[in-house]
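J.: coordinates for the following, if possible.
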Amino acid sequence: MADEKPLDKPVEKTGVPAGLWTRCDRCEHMVYEKEVAEALYVCPECGHHRRVDARIRIQQLVDPDTFEEFAQDLRSTDPLDFKDRIPYKERLALEQEKTGETDAVVVGKAFIRGRAVILGVMNPSFIMASMGAVVGEKVTRAIERAIEDNLPLVMVTASGGARMQEGMISLVQMAKTAAALGRLDDVKGLYIVVATDPTTAGVAASFAGLGDVILAEPKAMIGFAGPRVIANTINAELPEGFQTAEFMLQHGFVDRIVARADLRREIARIIDYCGK
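T.: Alright, predicted model coming up:
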């Protein structure tokens, strides 16, 4: 009887490490995550600008080691004892643990290409950067600091609007921030808005829409209510590209569309042009 050959051992499959490659939400190409990060989280295939959290945005915009945060100790309360799927206090705790932030905006003093600014950056990772009392207070403090220090104010917006869990308290933040911006305007202060995806609802209708110069990232959604809500309300078909940054540029709501890689240079140029 012939000797039997030993069976070959099964070859172990080695998969691609998780997170190394991902599919672009817009063009659906598989993209190398390291390459996307090096491109400031912009898809190298189609130019899709991903949403980024506040700390990443700050790193992208400011000169290294120049950001000095303030008002970081403010925390939302639960004035309405609100409960939806989970109690609001529990939701806040979960978001704070997930993001490492106390609320949906980070404010501070920084330098952008050597120009001193007061900077505010909204964090879409924190309850979709919704605006409650803390967001309104921190934005107002940033405006007041810009007045006090006679510095340009730069606000990077990304929000789903007012935070329903705080009811009317969240809505009055629209008036509060707008009134503070009126005081900034009285002293001829410069206010630059960078609208990113999405900038909507109460934020779009207040401090995001009141900039002296409003920049927007490509294809960012900008508007008040969602397209589906508007279409159902007016019972009409909306124009193609409705509420994109490009549509808003054509209709005068946005001054310029700027790719993420060019934002630092563009902000510095505007500050120099305005003599601030």
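
J.: give me the most central residue, the protein.
T.: A158 (3.2 Å; Cα atoms, centre = their mean).

J.: who's in contact with it?
T.: Residues near A158 by Cβ atoms under 8 Å, 6 or more residues apart in numbering: R51, M122, N123, P124, A129, T196, D197, P198, T199. The C-beta positions use only the backbone N, C-alpha and C, and glycine is treated the same way.

J.: quick one: average pLDDT of stretch 168-179?
T.: The average pLDDT within stretch 168-179 is 96.

J.: beyond the helix or strand that the residue nearest to the centre of the chain is a member of, next helix or strand please.
T.: Assigned by DSSP states H and E, A158 belongs to strand 153-159. If you walk from strand 153-159 toward the C-terminus, the next helix or strand you reach (DSSP H and E) is helix 167-186.

J.: packing partners for that following helix?
T.: helix 133-149, strand 191-200, helix 201-204 (3 or more Cβ pairs under 8 Å, 6 or more residues apart in numbering; DSSP states H and E).

J.: what sits up against stretch 239-247?
T.: 195, 216-223, 227, 230, 254, 257.

J.: give me the buried positions along the strand holding A158.
T.: Buried residues in strand 153-159, counted by 16 or more other Cβ atoms under 10 Å: L153, V154, M155, V156, T157, A158, S159.

J.: just give me the neighbour total for the nearest residue to Y32 once chain neighbours are set aside.
T.: Leaving aside its chain neighbours, Y32 sits nearest to W21 (6.0 Å; criterion: Cβ to Cβ, 6 or more residues apart in numbering). Neighbours of W21 under the rule other Cβ atoms under 10 Å: 15.

J.: which ones are touching W21?
T.: M30, V31, Y32, E33.

J.: element containing the second one?
T.: Translated: V31. strand 30-32.

J.: so what secondary structure elements neighbour the helix or strand just after that strand?
T.: Remark: after strand 30-32, the chain's next helix or strand is helix 33-38, criterion DSSP H and E. Under the contact criterion of 3+ Cβ pairs under 8 Å, 6+ apart, helix 33-38 touches strand 21-23.

J.: how does it look with 7 Å?
T.: If contacts are counted by 3 or more Cβ pairs under 7 Å, 6 or more residues apart in numbering; DSSP states H and E, helix 33-38 sits against no helix or strand.

J.: before we move on, back to that, name the member of the contacts of W21 with the most neighbours.
T.: V31 (19 neighbours).

J.: now it: how far from P198?
T.: For V31, the distance to P198 (Cβ to Cβ, to the nearest Å) stands at 22 Å.

J.: ok, now how distant is D78 from I56?
T.: Distance from D78 to I56, by Cβ to Cβ: 29 Å.

J.: swap in M164?
T.: In terms of Cβ to Cβ, M164 sits 27 Å off from I56.

J.: again with R183
T.: 31 Å.

J.: who has more neighbours out of those two?
T.: Neighbours per residue (other Cβ under 10 Å) separate R183 from I56, with I56 holding more: 17 against 14.

J.: what about that one, which SS state?
T.: At I56 the chain is in helix, as set by DSSP: H, G, I helix; E, B strand; the rest coil.
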